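**Q** Take this sequence and fold it.
(one chain, ligands or ions: 1)
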Amino acid sequence: LFSAVEMAPRDPILGLNEQFNADPNPKKVNLGVGVYFDDNGKLPLLQCVQAAEKAMMEKPAARGYLPIDGIAAYDNAVKALVFGADSDVVKSGRVATVQAIGGTGGLKIGADFLKKLNPQARVLISDPSWENHRALFANAGFEVGTYTYYDAATRSVNFDGMLADLRAAEPGTIVVLHACCHNPTGYDLTPEQWDQIIPVVQERGLVAFLDMAYQGFGHGIKEDGAVIGKFVAAGLNIFVSTSFSKSFSLYGERVGALSVVAADKDEAARVLSQLKIVVRTNYSNPPTHGGAVVAAVLNDPALRAQWEQELSEMRVRIKAMRQTLVDGLKAAGVQQDMSFITQQIGMFSYSGLTRDQMVRLRDEFGVYGTDTGRMCVAALNSKNIDYVCASIAKVI
Ligand code: LMR
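**A** Numbering: from 1, shown residues only. The predicted structure follows:
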């Protein structure tokens, strides 16, 4: 049965973890996967999460099946976070939200639903994009192309190129957009640029699918989420995937969501019924723990305030590490101007290093980033920064 099965390539991001774990180099540093570590190199367990879990342990609950679309208090908290609790779109019942297995799960539920809705549509992702975007939509049966995004020569967004590509897209094309903290480049559109993108999406009849995996890691929760309000204000029916992996440091719990904005309450109910079929036929219904923790935190004013504080501490530390990295590279003898690292936002820096340089960094120094030159600055700390800078200086 399996004699003709070929060995699949290693995952470009998670596959690096496997290689990292097997690396005996005592100085190794993992800047591959997008995971935040504190200054001691430890994965944080947020205080707000601990408090919510403690309260849950004090009143242990049996684990029945969740509804197919997840915990209602969770879905409502997601709606409030993404669209605003008092927003018209939420109050009028136009948003269909389902709890998902991480942000990736939210993308896949949306992709499967869209494939049923419009099987001929093409998908466009940014060039470059998160590696899994292409694979995920291709596996859902779509032909996946790209729209212009990053310009390596100017280290910025090629906005005219992006606009031109979207203008040339066929009506019905699904356009995957990064709501904030573009992965992998760290270069976002400005609010004014979004104001130009939205009319193009509208006029061309494109379907916007906003991936929001890093809300709160750019400029703040509200600021990073503002783009969603712009699409809604334009009256567009959009898809939004949410992830709490990073913002709650709950990577292994796989807590995410998919929200779909429909034209009215009745349409939203019909959309929700279809999303539930996708969920039911894939994994039946979501797991309880992670969603319960996030719901408990988001729905309790004190815990919510604590979460915002902890998230802002992560954001501030990442920003500080960017500057330390720029200074450290200079001190290590790197001649070229690396100050662009402080212009990028979110967890990543698109370093501009070549594949060969990234492979050397890994093989000779045990410093792991993706082959595309992406490095997770959220994994830098005061102990590993000198070694990372010295290693980069040697391969540049
Ligand atoms: C990343 O880009 O490193 C993260 O989003 C983790 C992942 O699932 O790839």
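
**Q** Against the ligand, how distant is the nearest residue to residue 99 once chain neighbours are set aside?
**A** Computed as C-beta to C-beta, 6 or more residues apart in numbering, the closest residue to residue 99 that is not its neighbour in sequence is residue 70, at 2.4 Å. Just so you know, the C-beta spots here come from the backbone N, C-alpha and C atoms, and that holds for glycine as well. Distance, residue 70 to the ligand, by C-beta to the nearest ligand atom, to the nearest Å: 20 Å.

**Q** ok, residue 70 - how many residues close by?
**A** By the criterion of other C-beta atoms under 10 Å, residue 70 has 24 neighbours.

**Q** and it, what is it in contact with?
**A** Residue 70 is in contact with 98-100, 257, 285-286, 291, counting by C-beta atoms under 8 Å, 6 or more residues apart in numbering.

**Q** Just the strands from the stretch 1-150 of the chain, written as ranges.
**A** 29-30, 95-101, 122-127, 143-148, 150-151 (DSSP state E, counting those that start in this stretch).

**Q** out of these, deepest packed?
**A** Each of the strands of the stretch 1-150 of the chain was scored by mean neighbour count; the highest is strand 95-101, a mean of 27, by mean count of other C-beta atoms under 10 Å.

**Q** in its sheet, what does that strand sit against?
**A** strand 255-261 (antiparallel) (DSSP bridges).

**Q** Now find how far off-centre the strand it pairs with is within its chain.
**A** 13 Å (C-alpha atoms, centre = their mean, to the nearest Å).

**Q** about what we covered before: so what's the residue nearest to residue 99 scoring on pLDDT?
**A** Looking at residue 70, its pLDDT is 98.

**Q** What of residue 224?
**A** So residue 224 comes in at 96 (pLDDT).

**Q** Checking it next. Helix, strand or coil?
**A** Here residue 224 is helix, with the state taken from DSSP: H, G, I helix; E, B strand; the rest coil.

**Q** Tell me the residues of the protein that contact the ligand?
**A** Within reach of the ligand by C-beta under 6 Å from any ligand atom, the chain has these residues: 13, 33-34, 130, 132, 183, 213.

**Q** And the contacts of residue 70, which is closest to the ligand?
**A** residue 100 (13.5 Å; C-beta to the nearest ligand atom).

**Q** What residues are bridge-paired with that closest one?
**A** Beta-bridge partners, per DSSP bridges, of residue 100: residue 256.

**Q** wait, what's in contact with it?
**A** By C-beta under 8 Å, 6+ apart, the neighbours of residue 100 are 70, 106, 108-109, 241, 256-258, 279, 286.

**Q** for residue 261, same thing?
**A** Per C-beta under 8 Å, 6+ apart, neighbours of residue 261: 83, 89, 94-95, 231-232, 236-240, 268.

**Q** I'd like the distance between the residue nearest the centre of the chain and residue 41.
**A** What sits nearest the mean C-alpha location of the chain, by C-alpha atoms, centre = their mean, is residue 213, with 2.6 Å. Distance, residue 213 to residue 41, by C-beta to C-beta, to the nearest Å: 23 Å.

**Q** Could you do residue 291 as well?
**A** Distance of residue 291 to residue 41, given as C-beta to C-beta: 29 Å.

**Q** who's more crowded, those two?
**A** residue 291 (27 against 14).

**Q** and the more buried one, helix, strand or coil?
**A** Per three-state DSSP, residue 291 ends up helix.

**Q** Pretty sure it sits against residue 76.
**A** No. Taking contacts as C-beta atoms under 8 Å, residue 291 lies outside contact range of residue 76: 11.7 Å.

**Q** thinking again about what came up before, tell me which of the contacts of residue 100 fall in helices.
**A** 106, 108-109, 279 (DSSP state H).

**Q** show me what contacts the closest residue to residue 166 other than its chain neighbours?
**A** Excluding its sequence neighbours, the residue lying closest to residue 166 (C-beta to C-beta, 6+ apart) is residue 200, at 4.8 Å. Applying C-beta under 8 Å, 6+ apart, we find residue 200 in contact with 163, 166-167, 206.

**Q** Which two of the residues you listed have the greatest separation?
**A** 163 and 206 (12.1 Å; C-beta to C-beta).

**Q** Look at those two and report which has more neighbours.
**A** residue 206 (23 against 16).

**Q** picking that back up, the residue nearest to residue 166: helix or strand, and which one exactly?
**A** Using DSSP states H and E, residue 200 sits in helix 191-204.

**Q** average pLDDT for that helix?
**A** 98.

**Q** Tell me the buried residues in it?
**A** For helix 191-204, a neighbour-count test (16 or more other C-beta atoms under 10 Å) marks 194, 197-198, 200-201, 204 as buried.

**Q** next helix or strand past that helix?
**A** Following helix 191-204 toward the C-terminus (DSSP H and E): strand 207-212.

**Q** Can you list the neighbours in contact with that following strand?
**A** Under C-beta under 8 Å, 6+ apart, the answer for strand 207-212 is 82, 103, 107, 110, 114, 118, 121, 130, 133, 172-180, 201, 224-225, 227-228, 231, 236-243.

**Q** Equivalent analysis for stretch 72-79, please.
**A** Contacts for stretch 72-79 (C-beta under 8 Å, 6+ apart): 69, 85, 90, 95, 97-99, 242, 257, 259, 291-292, 294-295, 298-299.

**Q** With pLDDT added, can I get the contacts of residue 261 in CSV?
**A** CSV is the format used below for these (pLDDT from 0 to 100):
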residue, pLDDT
83, 97
89, 98
94, 98
95, 98
231, 98
232, 98
236, 98
237, 97
238, 98
239, 98
240, 98
268, 98
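
**Q** quick one: which of those residues sit in helices?
**A** Per DSSP H, these map to helices at 83, 89, 231-232, 268.

**Q** Make JSON lines from the residues you listed and add distance to residue 388 and neighbour count to it.
**A** What follows is the ones in helices among the contacts of residue 261, written out as JSON lines (distance: C-beta to C-beta, whole Å; neighbours: other C-beta atoms under 10 Å):
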{"residue": "83", "distance to residue 388": "39", "neighbour count": "23"}
{"residue": "89", "distance to residue 388": "44", "neighbour count": "21"}
{"residue": "231", "distance to residue 388": "38", "neighbour count": "22"}
{"residue": "232", "distance to residue 388": "41", "neighbour count": "22"}
{"residue": "268", "distance to residue 388": "47", "neighbour count": "21"}
